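1. Here is the input, now give the coordinates:
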Amino acid sequence: MKYARIANDIVAEVVDLPDDMAVTDLFHPDIAKTMFEAPADVDQGWSYIEGEFAPPTVEGFDLDQIKADLAAAVDASAEVARLKYITPGAGQAMTYQQKVDEAKRLQAAEGTPKAADYPMLSAEVGITGKTLVAVGETVLASFAQWQQVGAQIEGLRLGAKAKIGAAKSEKTVRAAAVVDWP
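-> Below is the predicted model:
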């Protein structure tokens, strides 16, 4: 079954799923609600307005608008790629940052750590690690992995947007918006 992920009324991504799989089985609910079943010929860059897919048109097109729409679609696709590795939400991002900050402080601390000085890490003792130090090490290892993949995604995102901005034709704009995310 073919599905199209829609961002700003434009098909940002097309995925083929086995007939026995639902979009909600594979994607976070925030992403799943942007995905719609699509006919076989639908491709990235098509429009999706009022439940109808339409191919891009050459006649009367506005290259600047196409660039803006596809740049927004690249941003949305980058977020989908990020969500393969992290949990969505501003509160969750703050939690991750707090845990990293606590883990760095714990790593630099001398003496026996007090759980009260590290509330986020303390909440994970017995879940992600047997001790406060083990939790801190796990958090820092996860953060190091995220830095690598996050940097890769960011480089691809910014590179695609730069290519979109520099493109001189609809064809090259659309080609620049195709990103192979990690």
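
2. buried sites along the longest helix anywhere in the chain?
-> Selection of the longest helix in the chain by residue count, based on DSSP state H, yields helix 132-166. Residues of helix 132-166 classed as buried under the neighbour-count rule (16 or more other CB atoms under 10 Å) are 132-133, 135-140, 142-143, 149-150, 153, 156-157, 160-161, 163-164. In short, each C-beta sits where N, CA and C put it, glycine included.

3. Who are the packing partners of the lowest-mean-pLDDT helix or strand in the chain?
-> Taking all helices and strands of the chain together, the one with the lowest average confidence (mean pLDDT, DSSP states H and E) is helix 23-26, at a mean of 84. On a contact count with 3 or more CB pairs under 8 Å, 6 or more residues apart in numbering; DSSP states H and E, helix 23-26 meets no helix or strand.

4. hmm, 10 Å instead?
-> Using 3 or more CB pairs under 10 Å, 6 or more residues apart in numbering; DSSP states H and E as the contact criterion, the neighbours of helix 23-26 among helices and strands are strand 2-7, helix 29-32, strand 35-37.

5. ok, Leu83 - contacts?
-> When contacts are counted by CB atoms under 10 Å, 6 or more residues apart in numbering, Leu83 touches Phe27, His28, Asp30, Ile31.

6. would you turn those into TSV with neighbour count and distance to Ala73?
-> Shown next, in TSV, are those (neighbours: other CB atoms under 10 Å; distance: CB to CB, whole Å):
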residue	neighbour count	distance to Ala73
Phe27	20	16
His28	13	18
Asp30	12	16
Ile31	18	13
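
7. tally of neighbours for Glu50?
-> Applying other CB atoms under 10 Å, we find 5 other residues in the vicinity of Glu50.

8. shouldn't it be in contact with Ile6?
-> No - under the criterion of CB atoms under 10 Å, Glu50 is not in contact with Ile6, lying 11.8 Å apart.

9. For Thr95, give its distance to Gly51.
-> Taking CB to CB, to the nearest Å as the measure, Thr95 falls 38 Å from Gly51.

10. Nearest to the middle of the chain, which residue? Look it up for me.
-> With distances taken as CA atoms, centre = their mean, Glu79 lies nearest the centre of the chain, 2.2 Å away.

11. so what's that one up against?
-> Here Glu79 is in contact with Ala7, Asp30, Ile31, Pro88, Ile153, Arg157 (criterion: CB under 10 Å, 6+ apart).

12. Please spell out which residues along the host helix or strand of it are buried.
-> Glu79 belongs to helix 63-82 when assigned by DSSP states H and E. Applying a neighbour-count criterion of 16+ other CB under 10 Å, one finds 66-67, 69-74, 76-78, 80-82 buried in helix 63-82.

13. Good, wrapping up.
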